[in-house]
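Engineer: Using only what follows, build the 3D model:
(one chain, ligands or ions: 3)
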Amino acid sequence: MDNLSQRSPISATLTTKIIAALAQVRAQKPLVVNITNYVVMNNTANALLAIGASPIMAHSRQEMAEMMQISGSLVINIGTLDSEWIQRMLFAVEQANANNKPIVLDPVGCGASVLRTHTARTLAAKANNLIIRGNASEIIALAGETSQTKGVDALDSSDTAFVAAQALVAQYQANVVISGDVDYVVTASQTIRLRNGHHMMPYVTGMGCSLTALTGAFAAIGETSGLAATAIYAIVGEIAAEQSAGPATLQLNIIDALYQISAEQIQQRLNMAVVAS
Ligand SMILES: Nc1ncnc2c1ncn2[C@@H]1O[C@H](COP(=O)(O)OP(=O)(O)O)[C@@H](O)[C@H]1O
Ligand SMILES: Cc1ncsc1CCOP(=O)(O)O
Ligand SMILES: [Mg+2]
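Structural biologist: Ligands and ions are numbered 1, 2, ... in the order given. The predicted structure is shown next:
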């Protein structure tokens, strides 16, 4: 366990970077363009606002070229995809590439249907500057291994998705976040394990989608590893859950905790280890 008193020099440096990234998001308020699913639009917009970013949910081809000129990043979430939305997502990725904007992909339900798996892979292959954030079952399925998904929720543990995440890093030159009981941030140079969060979080829909959107906020200020968003969101979930009687209050308390999260809370709660470099 990596607590405050025993933090290694490398963990201390990463902690400082996470805190600095949060300050930068709050100062810069980057615009994050989201093509996301019908279930979570309101919640993810509120999560982005609470951390200090500026969200817009936009999906029309007619405005996407303009959006990608002014945005800091593009978030693509395939949660309620259909043939029309897929074309819009592909076009948005083209526009993000043309403007050198980072793209965060949430392969919601990857593995649950051929449509989801194929679409997620097509989008990943097209994106130049890519971060993939998914739960363990989605990451395993995206990499072409056999996952145990039954829909949007994971049935695999984060540890079992680790090799798949490394394969995705190599295949798409992407950074990959596996979320779950334990979170992993996997890049070409480093793998970081985070043991924060709360077991009540999977009882609220859209928890992963909010993490993906926040990853977009941090990518917009240049933190493209996925680490700052993953660490901060899990700590926020932990703090919020301690004040919540159940999933309904947790959903609301997470927005408040995102707004209030401080450098001191990050220092005190971050449970992080570099497991490979
Ligand atoms: N069992 C758990 N214990 C602690 N935190 C969890 C647990 N499951 C999920 N989380 C947290 O919930 C957030 C969303 O992750 P996850 O549930 O894996 O995404 P998704 O909603 O896409 O399936 C992450 O911050 C993760 O750390
Ligand atoms: C329930 C559901 N169905 C399609 S998208 C969606 C939301 C999934 O959100 P998350 O992956 O963050 O739990
Ligand atoms: Mg999800």
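
Engineer: drop to CA atoms for contacts and neighbour counts, all remaining ones
Structural biologist: OK.

Engineer: Can you give me the neighbour number for residue 69?
Structural biologist: 15 (other C-alpha atoms under 10 Å).

Engineer: mind checking how far residue 182 is from ligand 3?
Structural biologist: Distance of residue 182 to ligand 3, given as C-alpha to the ion, to the nearest Å: 15 Å.

Engineer: Could you do residue 97 as well?
Structural biologist: Distance from residue 97 to ligand 3, by C-alpha to the ion: 24 Å.

Engineer: pLDDT weak spots in the stretch 1-150 of the chain?
Structural biologist: Under the criterion pLDDT under 70, the flagged ranges of the stretch 1-150 of the chain are 1-6.

Engineer: For the host helix or strand of residue 26, what is the distance to the chain centroid?
Structural biologist: Assessed by DSSP states H and E, residue 26 sits inside helix 9-28. The chain centroid and the centroid of helix 9-28 are separated by 17 Å under C-alpha atoms, centre = their mean, to the nearest Å.

Engineer: And the next helix or strand past that helix?
Structural biologist: strand 31-35.

Engineer: Tell me the buried residues in the helix holding residue 26?
Structural biologist: 11-12, 14-15, 18-19, 21-26 (16 or more other C-alpha atoms under 10 Å).

Engineer: Same question for stretch 58-75.
Structural biologist: So, applying 16+ other C-alpha under 10 Å, buried residues of stretch 58-75: 58-59, 61, 64-65, 67-68, 71-75.

Engineer: Closest one to ligand 1 out of these, please.
Structural biologist: residue 75 (13.9 Å; C-alpha to the nearest ligand atom).

Engineer: What residues are recorded as beta-bridge partners of that closest one?
Structural biologist: residue 34, residue 104 (DSSP bridges).

Engineer: can you pull the contacts of it?
Structural biologist: Residue 75 makes contact with 32-36, 103-106, 212-213, 216, according to C-alpha atoms under 8 Å, 6 or more residues apart in numbering.

Engineer: ok, so of the residues you listed, who is nearest ligand 3?
Structural biologist: Ligand 3 lies nearest to residue 106 out of the contacts of residue 75, by C-alpha to the ion, at 6.8 Å.

Engineer: From residue 34, how far out is that closest one?
Structural biologist: Residue 106 is 11 Å from residue 34, where distance means C-alpha to C-alpha, to the nearest Å.

Engineer: re earlier: which of the buried residues of helix 9-28 lies closest to residue 189?
Structural biologist: For these, the residue nearest residue 189 by C-alpha to C-alpha is residue 14; the value is 13.7 Å.

Engineer: for the stretch 101-250 of the chain, what spans make up the strands?
Structural biologist: Under the criterion DSSP state E, counting those that start in this stretch, the stretch 101-250 of the chain contains strands at 103-106, 130-135, 175-179, 183-186, 191-194.

Engineer: if you average pLDDT over the fourth one, what comes out?
Structural biologist: Within the predicted structure, the mean pLDDT of strand 183-186 is 98.

Engineer: Go ahead and name everything in contact with that strand.
Structural biologist: 158, 162, 165-166, 169, 175-178, 191-196, 225-227, 230.

Engineer: Give me the common contacts of residue 106 and residue 34.
Structural biologist: Shared contacts of residue 106 and residue 34, defined by C-alpha under 8 Å, 6+ apart, comprise 75-77.

Engineer: Adding distance to residue 234, write these out as CSV.
Structural biologist: Shown next, in CSV, are the shared contacts of residue 106 and residue 34 (distance: C-alpha to C-alpha, whole Å):
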residue, distance to residue 234
75, 19
76, 21
77, 20
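
Engineer: Let me have those residues in TSV, extended by distance to ligand 2.
Structural biologist: Listed next are the shared contacts of residue 106 and residue 34 as TSV, based on distance: C-alpha to the nearest ligand atom, whole Å:
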residue	distance to ligand 2
75	13
76	12
77	8
